[in-house]
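[1] Just the structure for this:
(2 chains)
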Amino acid sequence: MADALILDKPRSPRRPAARRSNFELYSWLFMRISGLALIILVLGHLLIMNILDGGVHRINWGFVAGRWASPFWQFWDLAMLWLAEIHGGNGLRTIIDDYARKDSTRFWLKMVLYVSMVLILAVGTMVIFTFDPEMPAT
Amino acid sequence: MSTTASTAAEPAAGASDRAGASRRRGSFYRGDPGMWSWVLHRITGVLTFFFLFVHVLDTALVRVSPNTYDQVIETYKTPLVNLLEVGLVGAVLFHALNGLRVMLVDFWSKGPKYQKTMLWVIGVVWVVVMVPGAFFMLKRTVEMLFGGA
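    As a prediction, this is how the structure comes out:
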């Protein structure tokens, strides 16, 4: 590998001594830990829902009811919802920080992002916990 | 530059020629396949996040009524959405495989050395999984559109 990627070390001989918080470190670590879990959760979900045994064509309300009759799949979906939403939201936060040029743009894009994350987590969690298998058809 | 990690024998270039010299030494990131994997990682991640938004809301219809949910899911069983579905699975699979590669680059001592090799490996794994995957996902649509004899 003669052309292996070799990156220069940072030019600065010393880095700032004190950092205000380790938030970005934990965010970086969370992306890797949640990513590892999501590989199992999401690829398993896609395999079952989209590929095996006719995929999407066999999905309807009764199919969902059958799966959520089991606490195992309820927990699977709940874990997947929270990890995927926070993993994806944190990824988008990084992207907004990278590309937004004005502080006001950055602020408002993040507000939209955080509101959408709270909405999705609240709706998704509520649906998993309050699903009613006896619900009438209409 | 005494601080560079480069092992190249090439003599240090003047400050004005730093970028060019870095590129020749292979220490410049721009244009490397690693950069394109990073671009793809971002694009697939953003697309998947937007899909997740829609997907949680469509699944929430199970709390509205069984008929409402079934009506919306029926629209997912059409040829166009079926094609988008293959795209989604392909995007998520790339993001998952490249995420593993990123973790190996970060945590495995030989990761940075083999980053390009690992990129080709995940490319091969992606194709090997997507060919049968796309076959099973598109099977019914193809039969419906072109008729099973």
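[2] And the most centrally placed residue in chain B, how far from chain A?
    Here the mean C-alpha position of chain B is nearest to the C-alpha of residue B:94 (CA atoms, centre = their mean), at a distance of 3.1 Å. Using CB to the nearest CB, to the nearest Å, one gets 12 Å for the distance from residue B:94 to chain A. All C-beta spots, glycine's among them, are computed from the backbone N, C-alpha and C.
[3] next one: residue B:112
    In this structure, residue B:112 and chain A are 7 Å apart, going by CB to the nearest CB.
[4] Count the residues that sit near that residue.
    Residue B:112: 16 surrounding residues under other CB atoms under 10 Å in any protein chain shown.
[5] these two touch, right, it and residue B:102?
    No. If you go by CB atoms under 8 Å, residue B:112 and residue B:102 don't touch, sitting 11.1 Å apart.
[6] So what's the gap between the top helix by length along chain B and the chain middle?
    Ranked by residue count under DSSP state H, the longest helix found in chain B is helix B:115-146. Remark: helix B:115-146 is offset 13 Å from the chain centroid, using CA atoms, centre = their mean, to the nearest Å.
[7] and what of stretch B:70-90?
    Chain-centre distance of stretch B:70-90: 20 Å, with CA atoms, centre = their mean.
[8] Show the end-to-end separation of it, please.
    25 Å (CA to CA, to the nearest Å).
[9] Report the mean per-residue pLDDT for it.
    Stretch B:70-90 carries an average pLDDT of 94.
[10] So what does residue B:110 look like in phi/psi?
    Backbone torsions for residue B:110, taken as degrees, to the nearest 10, come to phi -100, psi 0.
[11] how about residue A:136, secondary structure?
    For residue A:136, the secondary-structure state derived from DSSP: H, G, I helix; E, B strand; the rest coil is coil.
[12] Okay, it and chain B: tell me how far apart.
    Residue A:136 sits 7 Å away from chain B, going by CB to the nearest CB.
[13] Relative to residue B:147, how far out is that residue?
    Computed as CB to CB, to the nearest Å, the residue A:136 to residue B:147 distance reads 38 Å.
[14] What residues of the longest helix of chain B count as buried?
    By neighbour count on 16 or more other CB atoms under 10 Å in any protein chain shown, the buried set for helix B:115-146 is B:115-116, B:118-119, B:122, B:126, B:129-130, B:133-134, B:137-138, B:140-141.
[15] just checking: which of the residues you listed also lie near chain A?
    Under the cut-off given by CB under 8 Å from any CB of the partner chain, chain A has B:115, B:116, B:133, B:137, B:140 from the buried residues of helix B:115-146 close to it.
[16] could you pull out the helices for chain A?
    A:23-46, A:61-68, A:71-99, A:103-130.
[17] Residue B:48 contacts residue B:89, doesn't it?
    No. At 10.3 Å, residue B:48 and residue B:89 do not qualify as touching, with contact defined as CB under 8 Å.
[18] For residue B:65, give me phi and psi.
    phi -170, psi 150.
[19] how much space between the nearest residue in space to it that is not next to it in sequence and residue B:67?
    If you skip the residues right next to it in sequence, residue B:65 has residue A:138 as its closest partner in space, 5.6 Å away by CB to CB, 6 or more residues apart in numbering or on different chains. When distances are taken as CB to CB, residue A:138 and residue B:67 turn out to be 5 Å apart.
[20] wait, which of the helices of chain A is closest to residue B:107?
    Shortest distance between residue B:107 and the helices of chain A, using CB to CB, is found for helix A:23-46: 8.0 Å.
[21] for chain B, what spans make up the strands?
    Secondary structure of chain B (DSSP state E): no strands present.
[22] In it, where is pLDDT below threshold?
    For chain B, applying pLDDT under 70 flags the ranges B:1-29, B:148-149.
[23] For stretch B:57-71, give me every contacting residue.
    Contact with stretch B:57-71 is made by A:60-62, A:64-65, A:120, A:123-124, A:126-127, A:130-132, A:135-138, B:72-73, as judged by CB atoms under 8 Å, 6 or more residues apart in numbering or on different chains.
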